[in-house]
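Participant: Requesting a structural model of the entry that follows:
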Amino acid sequence: MNSIVPPLATLLLIICGWYGLVLVFEVPGYLLPLPQAVLQRLVEDFGFLMHHTWVTTYETIGGFLLSILIGIPLALLVVTYPFVDKAIMPWLVLSQTFPKVALAPLIVVWFGLGVVPKLIVTFLVAFFPVLISTVVGLRSMERDMIELAQSMRCSKLKTFFYFRLPLALPSVFAGLKVSAAFAIVGAVIAEWVGANEGLGYLLLVSNANLDTPLLFAVLVILLVMGVALFYGLEALERLIIPWHATIRLKDLQITS
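Facilitator: Below is the predicted model of the structure:
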């Protein structure tokens, strides 16, 4: 219960500041609507908004899962084979310097206007944090642990599953949390380029029509999606690695 109070108090302060800003400076509604106008829009257009939310959600989750399915095995190859590390890592780092917004139109030209280009753009945005965090985690096994595994005559497979993988999981989950947030951004970017549905498409429409309450309603939904994905992954992390120091420290802070 104590862990819920601080974020709720912060939310209340934000809403009060929002009200104060609009009322004191008499900001017009098309620039910054009052919170109740956004809430009213969420209630009135709930079904309409949920349809577009579902479209963005499956694009986000699809691209995110794709980043896991490709990023983690590639990280294993990079850590296991030095040649792979030297051959592809510089190019992967270089690829992150290209703005994905600039690449998105080209991907749409190549793959059409269906769901495939959305998944590809989302994957490209969310992929790198998964790769890097997994590589860092897999390389975090200290020399003493390696010698312990060797002294127990563990095979490479057992060393991986009993030593290297458990030590890597905290870093992997840290990367997954970052990747989940990036996946939402990637899905919105993809919908900006070529879509007729989805929350990114609604952002463009509401901005073009100066429909600020709708724009803020979409932003609220994207915020909820991001929070849900982050805490969903945190719950999974707590379930899989309850023994890790960061999890035990969080539990201690909650109970104190």
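Participant: so where do the strands sit in the stretch 51-200 of the chain?
Facilitator: Remark: no strands are assigned in the stretch 51-200 of the chain by DSSP state E, counting those that start in this stretch.
Participant: show me where it has helices.
Facilitator: For the stretch 51-200 of the chain, helices defined by DSSP state H, counting those that start in this stretch occupy the ranges 82-95, 100-111, 115-138, 143-151, 156-159, 165-193, 199-208.
Participant: closest one to F230 among those?
Facilitator: Among the helices of the stretch 51-200 of the chain, helix 165-193 comes nearest to F230, with 5.6 Å by Cβ to Cβ. From N, CA and C alone the C-beta is placed, and that goes for glycine too.
Participant: picking up where we left off before, turn the helices of the stretch 51-200 of the chain into a markdown table, including mean pLDDT and distance to G63.
Facilitator: Formatted as a markdown table, the helices of the stretch 51-200 of the chain follow (pLDDT from 0 to 100; distance: least, Cβ to Cβ, whole Å):
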| stretch | mean pLDDT | distance to G63 |
| --- | --- | --- |
| helix 82-95 | 88 | 16 |
| helix 100-111 | 82 | 11 |
| helix 115-138 | 92 | 2 |
| helix 143-151 | 74 | 35 |
| helix 156-159 | 78 | 31 |
| helix 165-193 | 92 | 5 |
| helix 199-208 | 93 | 13 |
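Participant: Redo the ones you listed as a markdown table? Include distance to I14 and mean neighbour count.
Facilitator: As requested, those are arranged in a markdown table below (distance: least, Cβ to Cβ, whole Å; neighbours: other Cβ atoms under 10 Å):
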| stretch | distance to I14 | mean neighbour count |
| --- | --- | --- |
| helix 82-95 | 37 | 12 |
| helix 100-111 | 28 | 15 |
| helix 115-138 | 27 | 23 |
| helix 143-151 | 45 | 11 |
| helix 156-159 | 49 | 12 |
| helix 165-193 | 19 | 22 |
| helix 199-208 | 20 | 19 |
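Participant: Go through the ones you listed and name the closest to L229.
Facilitator: With Cβ to Cβ as the criterion, L229 lies closest to helix 165-193 of these, at 4.2 Å.
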